[in-house]
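Q: Quick check, what structure comes out for this input:
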Amino acid sequence: MQTATIKFERYQHAAEDDCQERILAAKARLGKRLVILGHHYQQESVYRHADYTGDSLKLSRFAAQTDAEYIVFLGVHFMAEVADILSRPEQIAILPDLAAGCSMADMANLAKVERSRRELAKVLDFDATITPVTYINSAADLKAFCGEHGGIVCTSTNAPKILEWAFAQREKVLFFPDQNLGRWSGYKMGIPLEQMPVWDPDQPMGGLTEEQIKNAKILLWKGHCAVHQMFREQNITRFRAEHPDGFVISHPESPFEVCLNSDYVGSTEYILKTVSEAPAGTKWLVGTELNLVNRLAEQMKPEGKLVQFMSHVICECSTMARIDPQHLAWTLENLADGNVVNRISVPPHEAELAKLTLQRMLDAS
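A: Numbering: from 1, shown residues only. Coordinates of the predicted model:
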């Protein structure tokens, strides 16, 4: 039975232990009506309550297969949007804190992408020449833009395969919002770096000449992940000096020099699988988000594996960290009382186009 919505202010200064108990009690009240999805980068204080854990696309696909009425996403805004797009109409996607965005996703907004399309159209026929490819770490309206212009979505796992699909459609690609993933994926396909110039949306014509645009195979949007961008080649050099028999594994959102000097490069799921399946006693330097690395380090201790965070600067994803026990307790207690808070709902037309690009990706990969 619905009651008055409980204001978050009542939870702001609540003790964590109290919140943990209230989360468990609210989960019990909601039962199978609720599914909680936890991204790998979440803090342990909320991650422990997830029914499913993984990367963003995997989690959204899980949620759509459940009978749950409420999908609570412990992640960031674009992830909850994907959950809403892929879930059934009667399911409700919720983000415990609406301030949990993604700085990388924010580097490419629809207004800038539309303006870039108009500028590129002065040099070549955009829809006949360029396939827009957006990383899944982007807003729903950019996924819809790609749907409208014959484009597609990619993940950190399938980006090279998706680029193959994109080049089969047209001769060039506009890749956004993460230049590092686009550059590494293009490099793995054998595309020279000079044919992958950076398109700066805040500069006229992206800061490029007509000749650079015409010669480009991939136009890399000037965007990046703040966490992965801080990893440096010298971090790897230092680790190899201390552990000559060690291994380096990095996420492809890391800078090009880091990926180039790593033994393995892949998605969060790939990193977890590779380190978990490695022989006991091996040593690893891991270039991805701090919460994932710390959790993996604890899990590997019984096997005598050393797992180190790549940067000397201790930094977690600040927007992911916004989902805390206070927000989760507030969300679940409201749901248990029949009040939906922080619903994420993508407009139908936008959702239809975005779903088209996601389906293209699933078909192509």
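
Q: Every contact and neighbour count from this point should use C-alpha atoms.
A: OK.

Q: what secondary structure does Glu90 sit in?
A: coil (DSSP: H, G, I helix; E, B strand; the rest coil).

Q: Could you tell me how far it is located from Asn339?
A: 16 Å (CA to CA, to the nearest Å).

Q: Next: Gln203.
A: Counting by CA to CA, the gap from Gln203 to Asn339 is 46 Å.

Q: Show me the strands in this protein, by range?
A: Using DSSP state E, the strands of the chain run over 34-39, 52-54, 70-74, 92-94, 130-135, 152-154, 172-176, 198-199, 218-221, 247-250, 264-265, 283-287, 306-309, 343-344.

Q: Which pLDDT does the model give Ala105?
A: Per-residue pLDDT puts Ala105 at 78.

Q: what's the closest non-adjacent residue to it?
A: For Ala105, ignoring the flanking residues on the chain, the nearest one in space by CA to CA, 6 or more residues apart in numbering is Ser138 at 4.5 Å.

Q: Show the contacting residues for the one you found.
A: 78, 104-106, 108, 177 (CA atoms under 8 Å, 6 or more residues apart in numbering).

Q: Restricted to helices, list these.
A: 78, 104-106 (DSSP state H).

Q: coming back round to it: give me the buried entries from the contacts of Ser138.
A: 78, 104-105, 108, 177 (16 or more other CA atoms under 10 Å).

Q: circling back: can you pick out the residue with more neighbours from Gln203 and Asn339?
A: Between Gln203 and Asn339, counting by other CA atoms under 10 Å, Asn339 is the more crowded of the two (16 against 10).

Q: TSV for the buried ones among the contacts of Ser138, including distance to Ala364?
A: Shown next, in TSV, are these (distance: CA to CA, whole Å):
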residue	distance to Ala364
Phe78	22
Met104	25
Ala105	23
Ala108	24
Pro177	20
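
Q: ok, those residues vs Glu194, which is closest?
A: Ranked by distance to Glu194 (CA to CA), the buried ones among the contacts of Ser138 are led by Pro177 at 19.0 Å.

Q: now that closest one: how far from Trp330?
A: 32 Å.

Q: can you check Glu289 too?
A: For Glu289, the distance to Trp330 - CA to CA - is 26 Å.

Q: Please apply the same query to Val82.
A: 23 Å.

Q: Of those two, which one has the most company?
A: More crowded of Val82 and Trp330, by other CA under 10 Å: Val82, with 29 against 25.

Q: For the closest residue to that one other than its chain neighbours, list the residues it contacts.
A: Counting by CA to CA, 6+ apart, the nearest residue to Val82 once its immediate chain neighbours are dropped is Ser60, at 6.4 Å. Listed by CA under 8 Å, 6+ apart, the contact set of Ser60 reads 79-80, 82-83, 86-87.

Q: mind listing the helices for the stretch 201-350 of the chain?
A: 210-215, 226-229, 233-242, 256-260, 268-277, 290-300, 325-336, 348-364 (DSSP state H, counting those that start in this stretch).

Q: returning to that earlier point: and the strands of the chain, which one is worst for confidence?
A: Among the strands of the chain, strand 52-54 scores lowest, at a mean of 90.

Q: Next, the contact list for Met104, please.
A: Contacts of Met104 by CA under 8 Å, 6+ apart are 137-138, 177-178, 223-226.

Q: Then Asp324?
A: Counting by CA under 8 Å, 6+ apart, Asp324 makes contact with 43, 45-46.

Q: what does Val133 give?
A: 146, 151-154, 163, 166, 173-176.

Q: That one pairs with what?
A: Ile152, Phe175 (DSSP bridges).

Q: Going forward, the N-terminal residue is numbered 390.
A: Sure, I'll start counting at 390 from here, so that last one is Val522.

Q: From Lys532, how far out is it?
A: Going from Val522 to Lys532 by CA to CA gives 9 Å.

Q: now do Ala557
A: In terms of CA to CA, Ala557 sits 19 Å off from Lys532.

Q: do Gln592 as well
A: 23 Å.

Q: Okay, now the unreliable bits of this structure?
A: Applying pLDDT under 70 to the chain flags the ranges 390-391, 702-710.

Q: Give me the phi and psi angles of the residue nearest the centre of it.
A: In the chain, the residue lying closest to the centroid (CA atoms, centre = their mean) is Asn526, at 4.3 Å. Backbone torsions of Asn526, given as degrees, to the nearest 10, read phi -80, psi 70.

Q: Give the closest residue to it in space, chain neighbours not counted.
A: Ala494 (5.7 Å).

Q: still on that earlier bit, between the contacts of Ser449, which is nearest Glu622?
A: Met468 (30.2 Å).

Q: Number of residues surrounding the nearest residue to that closest one once chain neighbours are set aside?
A: The spatially closest residue to Met468, leaving aside those adjacent along the chain, is Ser445, at 5.7 Å (CA to CA, 6+ apart). Burial of Ser445 is recorded as 24 neighbouring residues (other CA under 10 Å).

Q: on that earlier part again, identify, from the ones in helices among the contacts of Ser527, the entry nearest to Gly655.
A: Distances from Gly655 to the ones in helices among the contacts of Ser527, taken by CA to CA, are shortest for Met493, at 18.1 Å.
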